[in-house]
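Colleague: Predicted model, plus sequence, below.
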Amino acid sequence: MTQFGRAVVIGGGIGGLTAAAALHASGWDVTVLERAPSLEPVGAAISLAPNSLRALDLIGLGDEIRDLAAWQGDGGLRTPAGRWLSRTDADAVAARFGGPLVLLHRATLIGSLARRLPPGAVRTGTAATVADPGDAGRPARVSIPDGELEADLVVAADGVRSAVREALFPDHPGAVYAGFTTWRVVIPVPGVEFAAHETWGPGRIWGSHPLKDGRVYAYAAARTPAGERAPDDEKAELLRRYGDWHDPIPDIVAAARPEDILRHDVHHITTPLPAYHRGRVALVGDAAHAMPPTLGQGGNQAVEDAVVLAHHGADLAAYTAARLPRTTAVARQAVRVARLNMMTGRAGIAVRNVATATLSKAAPLLFLRNFEDIAGWRPPQAPYAASKAPADKLQRRTPGEGRLHRTR
């Protein structure tokens, strides 16, 4: 297999576009095939941790995303009545992890990634399937509506219900229901000020975070049977489940229109794949290792996948060796966190809350230690010079004075 050649990426989401941008920067001729009529993402906001921001530095995009995003970390965990279980500080979080956690709309990230590709590299409205994964002696073949494309490398970034994964590993059980559903919304909520928080109730959570553009990103999750939907509309469902929780939750629900609210059941891969490649085809993101959103790492791990794949190029066995153990560990940790914050038993919740509050007061940063191995990851290449200024990255300024600033 040649080091560089033609790469075809199936899927124009975060993982697919990051892979395309990283491969393009490495010298590959890249084509992205996206089934949807546009790259406008279905989703709300995304949290990017230092691990994925370091990966984006490799394609020259890290600083741009830091500029566009709001810092996370000022806030903490609360009970439905409003009591704080733990408090965190964004500066302390950034210092501990070597960089900030940031939040921005998915559409912003998608747009920035797409601009890293040459004109004509992205073909929307183009469904694609792998006709032949290829091998060392022949190229892979990808079927599209008007024919076939040959490729030295195919990147399958076609999501949690990946058709490519099913074709490559037909005996794998695939993704299963995680036991809970999610709601997400990004809206303006005029006149409401609050500290970012995640609130844990019995079998339910809610999170509220300000974006840099003044809008609010809110998400909720609750244990429900798979496929269940509100008998009226999802706004009414949120009012039933969260309307009596602490401020600003009722105000955010009141400001949302039913059409603003996205609801999706959560599916994840519980049985790791035997490999993230077959022949000349590599799986990235949810296609390889879909996980619950409880660590906020689904998109982050897809970004990691992309730059590691570009680093190894045609050596897909090395890509699997680098990514499968790490993503399996992250996915398992996300499942453990989901069990913790979606608890339903009163006794278990009481013990959890007391332990969380006690640990947070005794050693606030110790509460974050389980995230260190995730956020501390570094890509397999030295980052661009633009990202080698951690002191500058850790100094926040007011709007207009510099790149990064606190958004409340």
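Modeller: Nice, thanks for sending it over. Numbering: from 1, shown residues only.
Colleague: Quick check: nearest residue in space to Arg229, chain neighbours excluded?
Modeller: Arg263 (7.2 Å; Cβ to Cβ, 6 or more residues apart in numbering). Where you see a C-beta, it was placed from the backbone N, CA and C, and this is true even at glycine.
Colleague: Mind exporting the C-alpha coordinates of the helix or strand harbouring that neighbour to CSV?
Modeller: Arg263 belongs to strand 262-268 when assigned by DSSP states H and E. C-alpha atoms of strand 262-268 as CSV (Å, rounded to 0.1, in the frame of the first residue of the first chain):
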residue,chain,number,x,y,z
LEU,A,262,-34.1,17.4,19.8
ARG,A,263,-34.7,14.0,21.3
HIS,A,264,-32.7,10.9,20.6
ASP,A,265,-32.4,7.5,22.3
VAL,A,266,-28.8,6.7,23.2
HIS,A,267,-27.2,3.6,21.7
HIS,A,268,-23.7,2.4,22.4
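Colleague: contacting residues around the one helix or strand Ala254 maps to?
Modeller: Here Ala254, judged by DSSP H and E, is contained in helix 249-255. Applying Cβ atoms under 8 Å, 6 or more residues apart in numbering, the external contacts of helix 249-255 come out as 185, 187-190, 192, 199, 206, 208, 216, 218, 235, 238-239, 242-244.
Colleague: Now Ala140. Its backbone dihedrals?
Modeller: phi -80, psi 160 (degrees, to the nearest 10).
Colleague: Run through the bridge partners of it.
Modeller: Taking DSSP bridges, one obtains Ala151 as the residues bridged to Ala140.
Colleague: That one: how many residues sit nearby?
Modeller: Ala140 is flanked by 23 other residues according to other Cβ atoms under 10 Å.
Colleague: roughly how far apart are it and Leu283?
Modeller: 13 Å (Cβ to Cβ, to the nearest Å).
Colleague: Tell me the buried residues in the helix holding Ala254?
Modeller: 249, 251-253, 255 (16 or more other Cβ atoms under 10 Å).
Colleague: as a whole number, average confidence for it?
Modeller: Averaged over helix 249-255, pLDDT sits at 98.
Colleague: Which stretches in the stretch 301-408 of the chain count as helices?
Modeller: Assigned by DSSP state H, counting those that start in this stretch, the stretch 301-408 of the chain shows helices spanning 316-341, 346-362, 372-375, 390-393.
Colleague: Nearest to Leu101, out of these?
Modeller: Proximity to Leu101, assessed across the helices of the stretch 301-408 of the chain by Cβ to Cβ, is greatest for helix 372-375 (7.7 Å).
Colleague: what's that closest one in contact with?
Modeller: 49-51, 96-99, 101, 295, 297, 300, 329-330, 333.
Colleague: Just the buried ones from those residues, in ChimeraX syntax?
Modeller: Buried residues among the contacts of helix 372-375 (16+ other Cβ under 10 Å), as a ChimeraX selection:
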select :49,50,51,96,97,98,99,101,295,297,300,330,333
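Colleague: which two in the contacts of helix 372-375 are spaced the farthest apart?
Modeller: The widest separation within the contacts of helix 372-375 (Cβ to Cβ) is 20.8 Å, between Gly99 and Ala329.
Colleague: Check which helix or strand Leu23 maps to.
Modeller: Using DSSP H and E, Leu23 maps to helix 14-26.
Colleague: Any idea how far that helix is from the middle of the chain?
Modeller: Distance of helix 14-26 from the chain centroid (Cα atoms, centre = their mean, to the nearest Å) equals 16 Å.
Colleague: Okay, strands next: where are they in the stretch 1-150 of the chain?
Modeller: 6-10, 29-33, 45-48, 70-72, 75-78, 84-88, 101-105, 122-123, 129-132, 140-144, 147-151 (DSSP state E, counting those that start in this stretch).
Colleague: and the nearest residue to Gly75 once chain neighbours are set aside, how far is that from Pro145?
Modeller: Excluding the flanking residues, the one nearest Gly75 by Cβ to Cβ, 6+ apart is Ala196, at 3.4 Å. Distance of Ala196 to Pro145, computed by Cβ to Cβ: 45 Å.
Colleague: now do Val284
Modeller: Using Cβ to Cβ, one obtains 23 Å as the distance from Val284 to Pro145.
Colleague: Of the two, which one has the most company?
Modeller: In terms of neighbours (other Cβ under 10 Å), Val284 is the more surrounded of Val284 and Pro145; the figures are 32 against 8.
Colleague: The more buried one against Val308, yeah?
Modeller: No: Val284 is beyond contact range of Val308, at 9.1 Å (criterion: Cβ atoms under 8 Å).
Colleague: List the beta-bridge partners for Leu48.
Modeller: Val102.
Colleague: Which residues does stretch 334-344 contact?
Modeller: Residues from elsewhere that reach stretch 334-344 (Cβ under 8 Å, 6+ apart): 178-180, 198, 200, 202-205, 221, 223, 268, 270, 291-295, 297, 349, 352.
Colleague: List the buried residues for it?
Modeller: Here stretch 334-344 shows 334-335, 337-338, 341-343 as buried, counting by 16+ other Cβ under 10 Å.
Colleague: next one: stretch 15-32
Modeller: Residues 15-26, 28, 30-32 are the ones in stretch 15-32 that count as buried (16+ other Cβ under 10 Å).
Colleague: Next, work out how far apart the residue nearest to Gly75 and Ala350 are.
Modeller: For Ala196, the distance to Ala350 - Cβ to Cβ - is 25 Å.
Colleague: Please name the nearest non-neighbouring residue to Arg116.
Modeller: Ala21 (3.9 Å).
Colleague: Same check on Asp132?
Modeller: Leaving aside its sequence neighbours, Asp132 sits nearest to Arg141 (Cβ to Cβ, 6+ apart; 4.3 Å).
Colleague: Same check on Leu324?
Modeller: Tyr276 (5.8 Å).
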